[in-house]
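Q: The following comprises the amino acid sequence and a computationally predicted model.
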Amino acid sequence: VYKRIRVQDSDSDDAASPAKKPANIELTTAVKERRFRNMLEMFPDISPIFVKNTLVKHGWNEERSRDELLKHDPESNDKGSTSTFFGSNPSVSGTAQRPYTNMGIVRVTSGPKPAVVVRKALEGKGGRVRRGSSGSEDDDYGVKKGKDDRVYDSEDSDNEITDDLIGDKKKVFEFLNNSNMNELSLLSGCSQKKAEAIMSLRPFKGWLDMVEKFNSNKSLSTELLNSTQELLTTRNNIQRLMKKCVGLAQQLESAVAAGAGRLKQPAILDDSLTLAPYQLVGLNWLAVLHKQGVSGILADEMGLGKTVQVIAFLAHLKETGQARGTHLIVVPASTLDNWSSELARWCPALRVSKYYGHPE
């Protein structure tokens, strides 16, 4: 944990007298990483090495570094070996380096000029890219927000909190500014009293106004901003999953309508045994799912032959040449013997190996 220190230029109105020299504050590695990443997102076309050297040149001051990088021509990037971004020892020229994944970048050196993959920066948006500013809903899918991705951090200095509303910040602001009591109550840690306090402070003029009102109200905490972000991300993920499920259902309906589910009992099953009509339906359903690359669950009641339907499906794969490699069936120990006997009874053509393992 570190405490941010606001550094003022020597020509600032609030600067100390010339006789006093400001204390030399050494920034932590975490702060340097974060500022380096911010610059990379703002200037994706400029060599990371040049960006890093510019930050070092200006004492890791983002504003002065940004001003210089704005004047820089990306085509004039220095060529040569790479170096460790935040380490104390430079690397050997031309030596491949381990990807620095904690920063959201991947670095690979394969010659005089390193190949660099960086996170896609926002296009058409001026200013600094802040936490939670992802411009794509797909970027958030299935990804848990880390500390640097949160829309608000209490460790931010006053000059780092801006009214820029992009990405998650915009969604959080609109939600807190427009949601009713029921929607606000969905937030983690938001009681009815807190929801009423939020509604009483509205409308919020901007992000700064909202943060200030949250900080000045005894009932509220700025952590609710991050709770809102988590709620919206979760809700977005659920909506995406529902859309995906609808798409898969339509895809399966089209496959069935096209005649994909009209299988007969596989010929390699024992001739003396016959699948019941509903078991044939289950076999066809499993075959359609398999063809579409979709997983499924047989949810028949106990005693309706789910085991037999699975055996028939495996027989179908073998008969049609779709079986590749070994199929694994994991069952409770109490049903292992039953599965073994049913496989031998229904489809002797399948080669079965039993393995009984300890739970640990």
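A: Cool, got the structure. Residues are numbered from 1 along each chain as shown.
Q: contacts and neighbour counts: CA atoms only from here.
A: Fine.
Q: Leaving out chain neighbours, which residue sits closest to Pro203?
A: Using CA to CA, 6 or more residues apart in numbering and skipping the chain neighbours, the partner closest in space to Pro203 is Asn177 (6.1 Å).
Q: Which SSE is immediately downstream of the helix or strand encompassing Asn237?
A: For Asn237, the element it lies in under DSSP states H and E is helix 223-257. Moving toward the C-terminus from helix 223-257, the next helix or strand (DSSP H and E) is helix 277-292.
Q: Please name the residues that touch the residue nearest to Pro203.
A: By CA atoms under 8 Å, 6 or more residues apart in numbering, the residues touching Asn177 are Met199, Arg202, Pro203, Phe204.
Q: The second one: neighbouring residues, count only.
A: The reference is to Arg202. A total of 13 residues lie near Arg202 under the criterion other CA atoms under 10 Å.
Q: Please report the distance of the nearest residue to it once chain neighbours are set aside from Asp73.
A: The shortest distance from Arg202 to any non-neighbouring residue, by CA to CA, 6+ apart, is to Asn177 (6.3 Å). According to CA to CA, to the nearest Å, Asn177 and Asp73 sit 42 Å apart.
Q: what ranges of the stretch 251-360 of the chain fall below the confidence cut-off?
A: Residue ranges of the stretch 251-360 of the chain with pLDDT under 70: 259-261, 359-360.
Q: Tell me the secondary structure of the residue nearest to Arg202, please.
A: Taking DSSP: H, G, I helix; E, B strand; the rest coil as the rule, one finds Asn177 in the helix state.
Q: same thing with Ser340?
A: Secondary structure, three-state DSSP: Ser340 is helix.
Q: show me what contacts it?
A: Val352, Lys354.
Q: Recalculate using a threshold of 10 Å.
A: Remark: with contacts taken as CA atoms under 10 Å, 6 or more residues apart in numbering, Ser340 is in contact with Val352, Ser353, Lys354.
Q: Show me which residues of the helix holding Asn237 are buried.
A: 223-230, 232-234, 236-237, 252, 255 (16 or more other CA atoms under 10 Å).
Q: all strands of this protein, in order?
A: Along the chain, the segments classed as strands by DSSP state E run 106-108, 115-117.
Q: contact partners of stretch 322-329?
A: For stretch 322-329, contacts defined as CA under 10 Å, 6+ apart pick out 290-291, 310, 314-318, 336, 339, 351-354.
Q: before we move on, back to that, pick out the most distant pair among the contacts of Asn177.
A: Maximum pairwise distance in the contacts of Asn177, criterion CA to CA, is 9.8 Å, between Met199 and Phe204.
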